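Enquirer: below is the sequence, then the predicted model.
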Amino acid sequence: QVQLVESGGGLVQAGGSLRLSCAASMRSGMGWFRQAPGKEREFVAAITRSGGRIVYADSVKGRFAIFRDKDKNTVYLQMNNLKPEDTAVYYCAGEASKWPDEYIYWGQGTQVTVSS
């Protein structure tokens, strides 16, 4: 059974940091997306199965970092210098059908709230 389980969301003040984790039952290219209230889901970051290629949305470049622990089959999203506009539900995605944008499997989401 394919599973993607996110954790690490929470409430943080602007300028703070959070690390999201996604424990996966498959080894594949992975991505992080987010959806704010009233907005469409948007791409945040993605990493290939090997970890050799990484891409970021322009809005998070220089602040967020995606990386993976192959031994734990877990992908992380380190988020630094958080801004109120980063507030959203963050979703982990796996088994890319068209990396870095399209995926077959999705996690349940974890809420990130950044206060000003």
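Expert: Structure's in. What do you need? What you see is a predicted model; the values in this text were computed from it and never measured. Numbers count the residues shown, from 1 in each chain.
Enquirer: ok, the spatially most central residue of the chain - contacts?
Expert: Centroid-nearest residue in the chain: Trp32, 2.8 Å away (criterion: CA atoms, centre = their mean). Contact partners of Trp32, counting by CB atoms under 8 Å, 6 or more residues apart in numbering, are Leu20, Cys22, Val44, Ala45, Ala46, Ile66, Val75, Leu77, Tyr90, Tyr91, Cys92, Ala93. C-beta here means a position set from N, CA and C on the backbone, and glycine is covered the same way.
Enquirer: for these, which one is nearest Val12?
Expert: Leu20 (11.7 Å; CB to CB).
Enquirer: please identify the helix or strand for the residue nearest to the centre of the chain.
Expert: Trp32 is part of strand 30-35, with elements assigned from DSSP states H and E.
Enquirer: grab the longest strand from the chain for me.
Expert: Criterion DSSP state E: the longest strand present in the chain is strand 88-98.
Enquirer: how far off centre is that one?
Expert: 7 Å (CA atoms, centre = their mean, to the nearest Å).
Enquirer: same thing with stretch 82-90?
Expert: With CA atoms, centre = their mean as the basis, the mean position of stretch 82-90 lies at 12 Å from the chain mean.
Enquirer: ok so, going back, paired strands for the longest strand of the chain, with orientation please.
Expert: Strand 88-98 sits in its sheet next to strand 30-35 (antiparallel), strand 102-106 (antiparallel), strand 110-115 (antiparallel), going by DSSP bridges.
Enquirer: for the contacts of Trp32, which one is nearest Thr113?
Expert: Among the contacts of Trp32, Tyr90 lies closest to Thr113 (CB to CB), at 10.8 Å.
Enquirer: any stretches of the chain with poor pLDDT?
Expert: Low-confidence segments of the chain (pLDDT under 70): none present.
Enquirer: what is the burial count for Ala36?
Expert: Around Ala36 there are 14 other residues, counting by other CB atoms under 10 Å.
Enquirer: skipping its backbone neighbours, what lies nearest it in space?
Expert: For Ala36, ignoring the flanking residues on the chain, the nearest one in space by CB to CB, 6 or more residues apart in numbering is Ala88 at 4.2 Å.
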